[in-house]
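> whatever this is, show me its structure:
(one chain, ligands or ions: 2)
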Amino acid sequence: TLPKIFAITPTYARPAQKAELTRLSHLFMLVPNLHWIIVEDSNVTTKLVQNLLIRAGLQNRSTQLNIKTTAEFKLQSKDPNWIKPRGVEQRNLALAWLRSHASPDRHAIVFFMDDDNSYSVELFAEMAKIQPGRVGIWPVGLVGGLMVERPLLNGDNKVVGFNAAWRPERPFPLDMAAFGISIDLFFKYPQAIFSYKVQRGYQESEILRYLTTRDQLQTLANNCRDVLVWHTRTEKTKLNSEEALQRQNKRSDE
Ligand code: UDP
Ligand code: MN
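Numbering: from 1, shown residues only. Ligands and ions are numbered 1, 2, ... in the order given. Reported below is the predicted structural model:
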């Protein structure tokens, strides 16, 4: 039987949230061994997320958590999104939940699944191949200024480097969507969490440095030749006519 895959998704309220989460929920309907840990960047869990999980029939395959990003680190709507790390506290809460609720003895995989990326169903079949004690990696499309950011392999399919153009000096120059982690590593290394005290672009390196080394990485997706996930980003929704419409409706109420 396939190992369970715990997918950790930080998410926050904005006009496109329901559309993004609907896309993901339908992926979960196609991949039965996925368990969704959805962590709302909010002081409360919302009906929007709860109803969405119910509509997709995911009540028994999901965990709804919430933690609001500390004001100091919260991205403002006019900020360029790279000035602050996103999802740090949400991912850490999910890791704490896993460490207290998942069984240390049952093999499972942990994957950090942002809500706006595009995922192929095939990616999860690859992830299921991750061995106990290992971190599996694969290419990611449309990220880091490249069509595909990928590990470079030698003839024995061992990782010898990365093609990253952006900050290639990072210990693990890859995207959050580029790896899955065998859950036993989170029990073996209880101090492994994300941190605000790292440079921009170093979140992936920060978590992986606790868990693995470059030469222990397990290469997947046809020896890192197939692209099964894309770092797509949704344009900020323009609602410039919405206000006028509300005013008009109000007037006709009077
Ligand atoms: N996110 C969040 N709170 C925020 C901003 C982002 O929880 O204030 C979540 C977002 O929903 C996504 C993840 O953090 O699942 C990464 O954010 P985003 O996709 O905006 O980052 P990028 O793709 O630019 O790295
Ligand atoms: Mn994103």
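
> what residues does the chain put near ligand 2?
114, 116 (C-beta under 5 Å from the ion). Heads up, the C-betas are built off the backbone N, CA and C, glycines and all.

> nearest the geometric middle of the chain, what residue?
Nearest residue to the geometric centre of the chain (C-alpha atoms, centre = their mean): residue 113, 2.3 Å.

> contacting residues for that residue?
By C-beta atoms under 8 Å, 6 or more residues apart in numbering, the contact list for residue 113 reads 7-9, 24, 119, 177.

> give the contact list for residue 151.
Residue 151 sits in contact with 137-139, 159, 161-163, 174, 217, 219, 224, where contact means C-beta under 8 Å, 6+ apart.

> which bits of the protein sit near ligand 1?
Within the chain, the residues that sit near ligand 1 (C-beta under 6 Å from any ligand atom) are 9-12, 41, 69, 75, 81, 86-87, 90, 114-116, 233.

> could you rerun that using 5 Å?
By the rule C-beta under 5 Å from any ligand atom, the part of the chain lying against ligand 1 is 10-12, 41, 75, 81, 86-87, 114-116.

> return the list of helices and strands in contact with the helix or strand bottoming out on mean pLDDT in the chain.
Least confident helix or strand of the chain, by mean pLDDT, DSSP states H and E, is helix 242-253 with a mean of 87. Other helices and strands packing on helix 242-253, by 3 or more C-beta pairs under 8 Å, 6 or more residues apart in numbering; DSSP states H and E, are absent; none qualifies.

> and that helix, how far from the chain's centre?
39 Å (C-alpha atoms, centre = their mean, to the nearest Å).

> could you do stretch 125-142 as well?
The chain centre lies 13 Å from the centre of stretch 125-142; the measure is C-alpha atoms, centre = their mean.

> for residue 25, what are its contacts?
Contacts for residue 25 (C-beta under 8 Å, 6+ apart) come out as 36, 52-53, 55-56, 58.

> hmm, I typed the wrong one, I wanted residue 100.
Per C-beta under 8 Å, 6+ apart, neighbours of residue 100: none.

> helix/strand/coil for it?
At residue 100 the chain is in helix, as set by DSSP: H, G, I helix; E, B strand; the rest coil.

> can you pull the buried residues of the helix or strand containing residue 52?
Assigned by DSSP states H and E, residue 52 falls within helix 47-55. Of all the residues in helix 47-55, those buried under the rule 16 or more other C-beta atoms under 10 Å are 49, 52-53.

> circling back to that earlier point, okay if I get the residues of the chain next to ligand 1 as CSV plus distance to residue 183, secondary structure and pLDDT?
Listed next are those as CSV, based on distance: C-beta to C-beta, whole Å; DSSP: H, G, I helix; E, B strand; the rest coil; pLDDT from 0 to 100:
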residue, distance to residue 183, secondary structure, pLDDT
10, 19, strand, 98
11, 22, strand, 98
12, 26, coil, 98
41, 24, coil, 98
75, 30, coil, 81
81, 30, helix, 79
86, 24, coil, 93
87, 19, coil, 96
114, 20, coil, 98
115, 22, coil, 98
116, 25, coil, 98
